[in-house]
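Chemist: Predicted model follows, preceded by the sequence.
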Amino acid sequence: MSHTEIAKTSYNEQILNQTSQLDDNLFTLDNRMKSAKNEEIIAPTLNFFQDSWRRLKKNKGAMISFFVIILILIISIFAPFFAPHDPNAQNPAWSNLPPKIPGLEHLSWFNGMSVNRGGALIDSYEQASVPEGVYYYLGTDSLGRDLLSRIIYGTRISLIVAFAAALINLVFGITYGIISGWVGGRVDSFMQRVLEILSGIPNLVIVVLMLLVMRPGLVSIIITIALTSWITMSRVVRAQTIRLKQQEYVLAAEVLGQPVYKIMLKHILPNMMGLIIVQVMFALPSAIFFESFLSFIGIGIPAPNASLGTLISDGYKTFRFLPHLMWYPAAVISIIMLSFNLLADGLRDAFDPKMKE
Amino acid sequence: MTQYFRYILRRVLLMAVTLFIIITVTFLLLQFLPGSPFANEELLTETQLALLYENYGLNDPIYIQYFNYIANIFKGNLGVSFQFNNIPVTQIIANRSGPSLQLGVQAMVLGTSVGIVLGIIAAVKQNTWIDTFTSTLAIGGRSVPNFVFAVLLQFVFAVVLEWFPIAFWRDGFLSSVLPTVALAISPMAEAARFIRTEMIEVLNSDYIELAKAKGFSKIYIIGKHALRNAIIPLLTILGPVTASLMTGSLVIENIFSIPGIGEQFTKSILVNDYPTIMGVTIMYSVILVVIILIVDILYGLIDPKMRVVQGGK
Amino acid sequence: MKLNRKFNALIVSLLTSSTLAAPLSTYAQDEVVIDPSIEQSVSLATGGEISSLDSGRYAGDVPSSDAISQLFEGLYRIGEGNDVELGQAKSVDVSEDGLTYTFTLKDTIFWSNGDPVTAHDFEFSYKRLVDPNAGTQTLQAVEILKNALQIKNGELDSEELGVTALDDKTLEIVLEYPADYFPKLLSHARFLPISKNYYEEVQDQYGTSADYIVSNGPFSIEGWNGLDLEWTYVKNDSYWDAENVYLDQAYVSVIKEVGTGVDLFEAGQLDYVTLSSEFVTQYEGSEFLNTVPKATIGFLGFNTTREATGNAALRRAISQAFDKELYAQSVIQDGSIPLNGQVPREFAFDEAGEDYRDIAGDLLVYDVETAQADWNTAKEELGFDTIELELLVSDVELSGRTAEFLQAQLQENLPGLSITIRSVPLKNRLEIQRDLQFDIYYGTWTPGYQDASVFVEQYTTTGGINFGEYSNEEYDQLVTSAKYDFANDLDGRLAVLIEAEQLGIGQDAAAAPIYQATNAFLLSPEVKGLRVLPFGRSFDLREVYIANE
């Protein structure tokens, strides 16, 4: 043991005197600093989705929309249970009846009356000799079919068309866009040129062509709609991919040797979620509208099935004096779209960890 | 600067090639279009049909028809319509495009500007009732097909209030108001949603925080920085939005009895009027390709990063 | 007003009668008093654009034929009660055998550019009409002219047509077979003349715009450049009977949405607009609503080359298994009536004036029992229990609803039958029919002239709308005999046609008749003298004038 020479100052004398008072017992373990506890996380662990769900729940609008959508999905999936009548059962003698709901007859909307040309309020049900106790909650269409039932089944078909088309749209669009954006250079240029050519050919020509060759039916319509709408998605995805490619964490991942597909899955895609969701939310009504446009020119969902699009297509012409045929299907579409969009917004916000809470 | 210029030149050349390919592909597609322009309610005899085809040059092998067609394009001749006897397709386009283009441009301008404003408001007041309200407004516009709005607008503002003409294109600008509004609702909704999403993201980013810290006013921040970045993705959808305006105009033109080309185009497809279909397709394609070119140029101007990536240099 | 009521009665009789009375009656018009303070102009709606003003080249569409009919006049013109009277012709001489017509043209007829109308114009127009190299679209009815069929098929040159201008004002027409409806045929838009001189001046441009035609009819046209959605008919002062034309202008607009048209009518901007189903119900009882029977029929065509639809019992079963009355009342709703036979009501009459349909009786009426009996026969003969058939329709008004209605009715009344609906654009449907790629199709058809034979002859082996290739030798023979063997014997001819119809429709169900149509339209009460016709042109403006209620 060697000593270093310590200068004999008064200050040093003081310290040396104090330190001799130290002994082992003065040092106790501070329980607060136990390493295990140090690492303890006060809140429970959440993965990405649980975290997002938590945030989503705070957004009232989105939650309401969520439940509305679930409700609509249930009703349309279990349509046979909910529809009061057979949507295809015709009763031409009782065509174009206004809505009538038992118990709500004091409201002018649901009393089964309509104003005739002369301005008088008449009981349409009576005029058409509809027996007592037969109600059509939302009225009937031009062939005497129950509108409510047709709307329920129609929603089902519209949703199928929309989701299927959106799904195909998603898969094609994202794949194409990400590859094009990531690889860049010549391949990207080429892929974009191809896109330009494809989008330069008017949708209408392609669609009508395909439908006339393939015969209009649910499947051919879905394929046709999907094929003509994925281009937007791919463009948007590509633009985002290019932007994100520059981000540091992506560069870091590359440097660290992460395989490309992992980078795409873990870094790029999640950061585009917001935009993708918004795009999908637009693809849905697009699909429905395009379908109603097709039925407007005569090649939509084949009869007797109806979609919300065809119902509106038929109803808008006479909305002046048969308003129920247009308003109710339109209202249903609006609610669906509104819910999807609010939910989409909510999801977008929930997925983004940078969001202020 | 010359590098940028060369970039533009290259794009223009590419545009021409693209156009050429589009024309070719459409031409080929039309060969598969079922139906015949001469199908008549009364059966034509084989000889009569053969003679009709001969007269219109439809008997020649496809490649000959194709070459003839391309050669004619360079002479400025787009052929003659089958439906309107002997009227050159160029005349149809010249005569009918006016109203459609006017409506399209007006709808685009109105829709995007209102949409941008709504989007900004929604983003800035995110998650407040103002946000929900403006968002609902925008979405509402997108939830129902535009012809529903068309008949409503027509009923309320033309029939009941009599502020605008019920139909036709006789009253100049006034005639275009209602159809423009009906057409604009769709672009407005898309623009609003896009801007909102983008703005939210941008508003949360670091350099905005920095700007705020520096004490710039909100409006300045939004105008100078946020908007620039948010507009970029909007440009990407400009092309397809234009395309959708074309189909959208069909029904609107019908309802308001406007002599436009949207309705004419659809009809041509349905009656197999090949020259008209080709002619209008070419017109649409030119418009679309030019818009994409403009978008690319704007990209280059707005986002310097893009320029580098695009040029591949 | 006394005058008013009288004229109302006249209009009612004009609009509802269609007698085959002596076709050459002259027309004496009641004194019409015009109030000079009232503007003599009318605003009309039409359903589509004009494809061409060339009577030989227009696409057979209604808007074009309507326009052409106002601007040109043929040898005959529309007179009282849907009859025809001499128009450009001063007199006519018909040979004993009914095959040769010699017309002497008036001296006072001119084209709007001052040229006189000559027999050469007519000769030129008709030869052009049948010439397959001239790019014209013809009516099957032209085959009544001598050699027309061979010329159409390219076997003879167009010079061989049985139409000759003997001099400037004398025209000789030779027919293939005698036809007392020939005068009516000559008033059809296809048979209206073109100025030979003028055509040779402008050639292919003829008829492509208002600047490229000359008219010889009561009106000329302004403001049409070939593509317009609006144009005006202006009184033609060079018309020989101009002093009896009261209307100064008629503004025509193309309206494709009935709703818009109705709005414009209500706002006072239109005086005439046609209605479709629901709108008719809405206007029931209104003073503005008018309904006039139309000679258009709706029917199902069967593809007789396919196994199932080639079976007569099956066809009969289907033809009788849907409720036509319910359809007409509740689906079409515009006053159309069920049709039980090929020839519609109020279209053809015998010498005594009795309606053809009454004489011939009803064929293939709605009767579920008989239908099911036939259906069972079909099942036995063809050996099936369930069968699927495709119904082809096109996107014309109401065809979607009709298809759904039929589908429901047939599937309910004929157990084992399932119907799929295929809806395609019209041109496409016609092409599919040509190619025999269908089971059943739903179509509508309007005849070109007024005679029972026009309907019955459609199902001869070479019949115009016989897409289903129904072929029966006996039927063909009957129709041919009706054409050639009964020169002046109307009743005899009708009897043979009735027999043919019994065979082709009643027994063989070559087609399943559904309904005959009605023209339903809104008309301002101030508009007088408007003729709305069951076929050919939709309306005739020559005698229109405006007066107060």
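Modeler: Thanks, I have it.

Chemist: Once you drop chain neighbours, what's closest to C:Ile78?
Modeler: Nearest residue to C:Ile78, sequence neighbours excluded (Cβ to Cβ, 6 or more residues apart in numbering or on different chains): C:Asp540, at 5.0 Å. For glycine as for every other residue, the C-beta is placed from the backbone atoms N, C-alpha and C.

Chemist: Who is that neighbour paired with across the strands?
Modeler: Assessed by DSSP bridges, C:Asp540 has beta-bridge partners C:Arg531.

Chemist: Quick check: it vs A:Leu347, distance?
Modeler: Going from C:Asp540 to A:Leu347 by Cβ to Cβ, to the nearest Å gives 65 Å.

Chemist: Equivalent analysis for B:Tyr207, please.
Modeler: 26 Å.

Chemist: These two: who's more crowded?
Modeler: Taking neighbours as other Cβ atoms under 10 Å in any protein chain shown, B:Tyr207 and A:Leu347 compare with A:Leu347 leading, 22 against 12.

Chemist: Chain A versus B:Phe82, what's the distance?
Modeler: 16 Å (Cβ to the nearest Cβ, to the nearest Å).

Chemist: Just give the closest residue to the residue nearest to the spatial centre of chain B, not the sequence neighbours.
Modeler: The centroid of chain B falls nearest to B:Thr242 when counting by Cα atoms, centre = their mean (2.1 Å). Spatially, and ignoring its direct neighbours in sequence, B:Thr242 is nearest to B:Ile291 (5.7 Å; Cβ to Cβ, 6+ apart).

Chemist: Kindly provide the distance from that neighbour to chain C.
Modeler: Taking Cβ to the nearest Cβ, one finds B:Ile291 at 26 Å from chain C.

Chemist: list the contacts for the residue nearest to the centre of chain B?
Modeler: For B:Thr242, the contacting residues are B:104, B:108, B:287-288, B:291, by Cβ atoms under 8 Å, 6 or more residues apart in numbering or on different chains.

Chemist: hang on, it in a helix?
Modeler: Yes - looking at B:Thr242 with DSSP: H, G, I helix; E, B strand; the rest coil, it is inside a helix.

Chemist: where's the residue nearest to B:Thr242, which helix or strand?
Modeler: In the assignment (DSSP states H and E), B:Ile291 maps to helix B:274-302.

Chemist: can you check C:Glu404 too?
Modeler: helix C:399-413.

Chemist: What helices and strands are in contact with that helix?
Modeler: helix C:368-382, strand C:387-394, strand C:417-424, strand C:440-445 (3 or more Cβ pairs under 8 Å, 6 or more residues apart in numbering or on different chains; DSSP states H and E).

Chemist: go again using 7 Å as the cut-off
Modeler: Applying 3 or more Cβ pairs under 7 Å, 6 or more residues apart in numbering or on different chains; DSSP states H and E, one finds that helix C:399-413 contacts strand C:387-394, strand C:417-424, strand C:440-445.

Chemist: what comes into contact with it?
Modeler: A:88, A:90, A:92, A:142-143, A:303-304, C:318, C:321-323, C:327, C:331, C:368, C:371, C:391, C:393, C:417-419, C:421, C:423, C:442 (Cβ atoms under 7 Å, 6 or more residues apart in numbering or on different chains).

Chemist: Restricted to buried residues, select the residues you listed in ChimeraX.
Modeler: The following ChimeraX line selects those of the contacts of helix C:399-413 that are buried, judged by 16 or more other Cβ atoms under 10 Å in any protein chain shown:
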select /A:88,90,92,142,143,303,304 /C:318,321,322,323,327,331,368,371,391,393,417,419,421,423,442
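
Chemist: What distance do you get for B:Val251 to chain C?
Modeler: As judged by Cβ to the nearest Cβ, B:Val251 and chain C stand 9 Å apart.

Chemist: My guess is that residue contacts A:Phe296. True?
Modeler: Yes - counting by Cβ atoms under 7 Å, A:Phe296 is a contact partner of B:Val251 at 6.2 Å.

Chemist: burial of the closest residue to chain A within the stretch 301-450 of chain C, as a residue count?
Modeler: The stretch 301-450 of chain C approaches chain A most closely through C:Asp395 (2.8 Å), counting by Cβ to the nearest Cβ. Residues near C:Asp395, counting by other Cβ under 10 Å, number 18.

Chemist: quick one: pLDDT of residue 180?
Modeler: This is for chain A. A:Ser180 carries a pLDDT value of 87.

Chemist: Chain C was what I was after
Modeler: Looking at C:Asp180, the pLDDT reads 82.

Chemist: ok, and the closest non-adjacent residue to it?
Modeler: For C:Asp180, the spatially nearest residue (Cβ to Cβ, 6+ apart) is C:Leu490, at 6.6 Å.

Chemist: What spatial separation is found between the one you found and chain A?
Modeler: According to Cβ to the nearest Cβ, C:Leu490 and chain A sit 40 Å apart.

Chemist: That residue against C:Glu351, yeah?
Modeler: Yes - between C:Leu490 and C:Glu351 a contact is recorded at 5.2 Å, counting by Cβ under 7 Å.

Chemist: of these two, who's got more company?
Modeler: For C:Leu490 versus C:Glu351, the count of surrounding residues by other Cβ under 10 Å is larger for C:Leu490: 19 against 11.

Chemist: how close does that one get to C:Lys106?
Modeler: As defined by Cβ to Cβ, C:Leu490 lies at a distance of 29 Å from C:Lys106.

Chemist: can you confirm C:Val292 is in a strand?
Modeler: Yes - counting by three-state DSSP, C:Val292 is located in a strand.

Chemist: May I have the residues that are in contact with it?
Modeler: When contacts are counted by Cβ under 7 Å, 6+ apart, C:Val292 touches C:15, C:518-519, C:532, C:534.

Chemist: What count of nearby residues applies to residue 27?
Modeler: Just going to use chain A. As a burial measure, A:Phe27 scores 8 neighbours (other Cβ under 10 Å).

Chemist: The intended chain is chain B.
Modeler: When counting by other Cβ under 10 Å, one arrives at 18 neighbours for B:Phe27.

Chemist: Just list the residues touching it, thanks.
Modeler: Residues counted as contacts of B:Phe27 (Cβ under 7 Å, 6+ apart) are B:66, B:69, B:278.

Chemist: pLDDT value on B:Ser97, please?
Modeler: 84.

Chemist: How much space separates the residue nearest to it when sequence neighbours are not counted from C:Leu426?
Modeler: Nearest non-adjacent residue to B:Ser97, counting by Cβ to Cβ, 6+ apart: B:Ile261, 5.0 Å away. In this view, B:Ile261 and C:Leu426 are 21 Å apart by Cβ to Cβ.

Chemist: now do C:Arg190
Modeler: Applying Cβ to Cβ, the value for C:Arg190 to C:Leu426 is 20 Å.

Chemist: Of those two, which one has the most company?
Modeler: For the pair C:Arg190 and C:Leu426, the greater number of neighbours falls to C:Arg190 (24 against 19), based on other Cβ under 10 Å.

Chemist: more crowded one of B:Val251 and A:Phe296?
Modeler: More crowded of B:Val251 and A:Phe296, by other Cβ under 10 Å: B:Val251, with 27 against 22.
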